[in-house]
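Asker: Below: sequence and its predicted model.
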Amino acid sequence: MNLPHRNHQFLPELVCLLSSVCHGLVTLARVGDIVILDCRFPTGPSPGLIVEWSLRQPLRVVYSYYSGSAQAASQHPQFRDRATVDQSRLALGEAALRLSDVTPQDQGLYRCFIRLALAKHETWQRLEVAGPYSEPQVTCFMLDLRHEDLTVNMSCRSEGGFPRAEARWRWDNGSWYRGRSQKLWSQAPDGSFDLQSLVEIPGGQASQLRCVVINGRLNQTLTSPEMCRRDPIIDSDSWPSNATTCLGNCQPQRGSEQVARIRLGFIGSAVVLSLSIALLLYFQTRCRYPRSEQRRQPRGEGPPTDRQ
């Protein structure tokens, strides 16, 4: 199904029909839909009629017709069994291309070339493809939300859309988050994009922030249904191994227990270190001033001698 597009206006179509070369037509199609790219030419006797649809950049033959039949051998594998022209309409001067199961790779500039016995005609059209993104899901990784000075890592993921969408963060009061964020895109073999947006905020604010994904080509705006939820798709290497996940409104979970263990560990280490220093000082003092076990001899008296 062809979708309306702001550049698909009546005047360029009229100019196209009245001239031998046409530029500027834009057609928008959804991923998975069927799209029709129009191409018309003057009617008349055409024993040597040649019709060729091609995609530019990269150059690929989409459909080829000559010698009275379609030439499947010259068709690029990308369009095999998907691109056709109704041969019964050629005598009426119509060579519209029917492209089924549209994919992101189909986007680009298309050329319709017609060669008649005494003339030639070509038309240029641009096909833009759009695919909806999945509902964004938010995941939180934190230690303890009761301590507002601790950082919370928030991740938003939305998948399977085209083209690249914009991801933003919005507070519950409707204002946009103005802090720093990191955006990551990955492209699947079919050309669609997966989007991930990362932010770091104080723990006390995590329950007030939602993720918004905007696909302008489809006028699609999606808001995460929850602030935070568990998302096993997130790569665990992206966050600390001791991070925990919050659900719903991001209430504290096991993070407080981990903080308590860390504090006890620091206190225990400090006590052991203090005792070790005290013992070291004590033994150093004993070695410097040893206690005599024998009484000192009176001055002037020598050691006793045996009398004969």
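Answerer: Sure, I can see it.
Asker: who's in contact with the residue nearest in space to the middle of the chain?
Answerer: Central residue of the chain (CA atoms, centre = their mean): residue 195, 1.9 Å from the mean position. Listed by CB atoms under 8 Å, 6 or more residues apart in numbering, the contact set of residue 195 reads 133, 156-159, 161, 164-165, 167, 183-185, 213. C-beta coordinates here come from the backbone N, C-alpha and C atoms, glycine included.
Asker: Just give me the closest of those to residue 115.
Answerer: For residue 115, the nearest member of the contacts of residue 195 is residue 164. The distance, counting by CB to CB, is 38.9 Å.
Asker: lowest average confidence, helix or strand, in the protein?
Answerer: Across the helices and strands of the chain, mean confidence by mean pLDDT, DSSP states H and E is lowest for strand 244-245: a mean of 38.
Asker: Restricting the selection to alpha carbons, write the helix or strand containing residue 195 to CSV.
Answerer: Assigning secondary structure by DSSP states H and E places residue 195 in strand 193-202. Coordinates of each C-alpha in strand 193-202 appear next as CSV, following Å, rounded to 0.1, in the frame of the first residue of the first chain:
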residue,chain,number,x,y,z
PHE,A,193,17.5,-0.8,13.1
ASP,A,194,17.6,-1.6,16.8
LEU,A,195,17.9,1.5,19.0
GLN,A,196,19.4,1.7,22.5
SER,A,197,19.6,4.9,24.6
LEU,A,198,21.6,5.1,27.9
VAL,A,199,21.4,7.7,30.7
GLU,A,200,22.8,8.0,34.2
ILE,A,201,20.8,9.9,36.9
PRO,A,202,20.5,10.0,40.7
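Asker: Buried ones in it, by neighbour count?
Answerer: Of the residues in strand 193-202, those with enough neighbours to count as buried (16 or more other CB atoms under 10 Å) are 193, 194, 195, 196, 197, 198, 199, 201.
Asker: Now do the contacts for the residue lying closest to the fifth one once chain neighbours are set aside.
Answerer: In space, not counting the residues next to it along the chain, residue 197 is nearest to residue 167; the distance is 3.8 Å by CB to CB, 6 or more residues apart in numbering. Under the criterion of CB under 8 Å, 6+ apart, the contact partners of residue 167 comprise 136, 156, 158, 181, 183, 195, 196, 197, 211, 212, 213, 214.
Asker: Now do the same contact list for the fifth one.
Answerer: Just to be clear, that refers to residue 183. Applying CB under 8 Å, 6+ apart, we find residue 183 in contact with 167, 195, 196, 197, 198.
Asker: Let's have those residues in a markdown table, adding distance to residue 173.
Answerer: Conversion of those to a markdown table gives the following (distance: CB to CB, whole Å):
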| residue | distance to residue 173 |
| --- | --- |
| 167 | 20 |
| 195 | 25 |
| 196 | 25 |
| 197 | 20 |
| 198 | 22 |
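Asker: Return the closest of these with respect to residue 96.
Answerer: Of all these, residue 96 sits closest to residue 195, with 34.8 Å by CB to CB.
Asker: Quickly note the distance from the closest one to residue 130.
Answerer: Taking CB to CB, to the nearest Å as the measure, residue 195 and residue 130 are separated by 15 Å.
Asker: same thing with residue 33?
Answerer: Relative to residue 130, residue 33 is positioned 10 Å away (criterion: CB to CB).
Asker: Those two: which is more packed in?
Answerer: Set side by side, residue 33 and residue 130 show unequal neighbour counts under other CB atoms under 10 Å, the larger going to residue 130 at 23 against 16.
Asker: Can you list the buried residues in stretch 48-68?
Answerer: In stretch 48-68, counting by 16+ other CB under 10 Å, buried: 49, 51, 52, 53, 54, 55, 60, 61, 62, 63, 64, 65.
Asker: contacting residues for the fourth one?
Answerer: So that's residue 53. Per CB under 8 Å, 6+ apart, neighbours of residue 53: 37, 39, 61-64, 83, 85, 95, 97, 110-113.
Asker: if you set the cut-off to 6 Å instead, what comes out?
Answerer: Listed by CB atoms under 6 Å, 6 or more residues apart in numbering, the contact partners of residue 53 are 62, 63, 97, 112.
Asker: any idea how far stretch 57-69 is from the chain center?
Answerer: In terms of CA atoms, centre = their mean, to the nearest Å, the gap separating the centre of stretch 57-69 from the centre of its chain is 36 Å.
Asker: Likewise for stretch 132-144?
Answerer: Stretch 132-144 has its average C-alpha position 12 Å from the chain's average C-alpha position, going by CA atoms, centre = their mean.
Asker: Mind naming the longest helix for this structure?
Answerer: Longest helix in the chain by number of residues (criterion: DSSP state H): helix 255-288.
Asker: And the contacts of residue 195, which is closest to residue 120?
Answerer: Nearest to residue 120, judged by CB to CB, of these is residue 164 at 38.2 Å.
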